[in-house]
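K.L.:
Task: produce atomic coordinates for the following.
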Amino acid sequence: MSDMFNPLTIETMREHLLANGFRAEIVADANAGIQFVRSATSGLSFDIRMGNRLATEQLGFADAAFVAVFNILGDFPLDQVNAWNCTRRFGRLQIDTSNPGHKFLVLCMDVVVAGGISRQNFDAQIAIWDGLIQQLIPWLREEAAKARVATDATAGASASANATPAAPGSMTGAFA
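P.N.:
Next up is the predicted model:
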């Protein structure tokens with residue numbers, strides 16, 4: 001392998017992840033007619049979806065998106081998502097409600113290789129992604145605990161004031 005690579009292919013993505021100690025497999029989504037790389041860090045699965053095709057390369061891509069998806073049980077306030085985004089630079093957190101009846105918390109990070117990228121730079125991008133996931137899990141636990149304390153305090157105040165439980169729809173702090 002050379003020090004620079006361009007374009008990015010699904011196979012070079014898989015090989016590079018394997019070389020960096022990640023498990024990586026190419027997965028086909030027959031319904032969408034695409035392939036992507038599935039991997040994991042600290043037991044959390046994530047996908048790498050190829051982005052824009054290069055006009056000069058049939059199999060090559062100019063970019064890819066690293067994506068981790070978490071199912072939200074209950075509510076997750078948008079101000080908490082915004083707080084994450086205000087304090088982190090390279091990845092973005094969002095709530096996806098496009099699938100009726102389901103809410104997902106999505107962490108994504110784009111990696112651009114257009115014009116070429118060194119293997120060292122690509123290693124750094126993978127390390128940044130790994131670091132974001134490592135930061136996200138304790139952050140989610142902390143935010144869920146804060147929401148539980150706020151919900152418990154609201155429930156206690158409501159119960160002592162008028163003997164009714166807290167309003168439904170408060171964040172449960174459960175993520176699948």
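
K.L.:
Confirm that residue 56 sits in a helix.
P.N.:
No: applying DSSP: H, G, I helix; E, B strand; the rest coil, one finds residue 56 to be coil, outside a helix.

K.L.:
Could I get the full set of strands for the chain?
P.N.:
4-5, 24-29, 34-41, 44-50, 63-73, 92-96, 104-112, 117-118, 174-175 (DSSP state E).

K.L.:
for this structure, what are the low-confidence residue spans?
P.N.:
Low-confidence segments of the chain, defined by pLDDT under 70: 1-2, 6, 57, 147-176.

K.L.:
For the residue nearest to the spatial centre of it, give the beta-bridge partners.
P.N.:
With distances taken as CA atoms, centre = their mean, the residue of the chain nearest its centroid is residue 107 (2.4 Å). Note on residue 107: beta-bridge partners by DSSP bridges are residue 68, residue 93.

K.L.:
list the contacts for it?
P.N.:
67-70, 91-93, 132-133, 136 (CB atoms under 8 Å, 6 or more residues apart in numbering). In short, each C-beta sits where N, CA and C put it, glycine included.

K.L.:
can you tell me how far it sits from residue 17?
P.N.:
In this view, residue 107 and residue 17 are 17 Å apart by CB to CB, to the nearest Å.

K.L.:
ok, the residue lying closest to residue 120 once chain neighbours are set aside - contacts?
P.N.:
In this structure, residue 120 finds its nearest non-sequential neighbour in residue 3, 7.9 Å apart by CB to CB, 6 or more residues apart in numbering. With contact set as CB under 8 Å, 6+ apart, residue 3 has these partners: 118-120.

K.L.:
Endpoints of stretch 39-55, how far apart?
P.N.:
End-to-end span of stretch 39-55 (CA to CA, to the nearest Å): 28 Å.

K.L.:
What are the buried residues along it?
P.N.:
39, 41, 46-51, 54 (16 or more other CB atoms under 10 Å).

K.L.:
where's it relative to the chain centroid, distance-wise?
P.N.:
Centroid separation for stretch 39-55 versus its chain: 10 Å, with CA atoms, centre = their mean, to the nearest Å.
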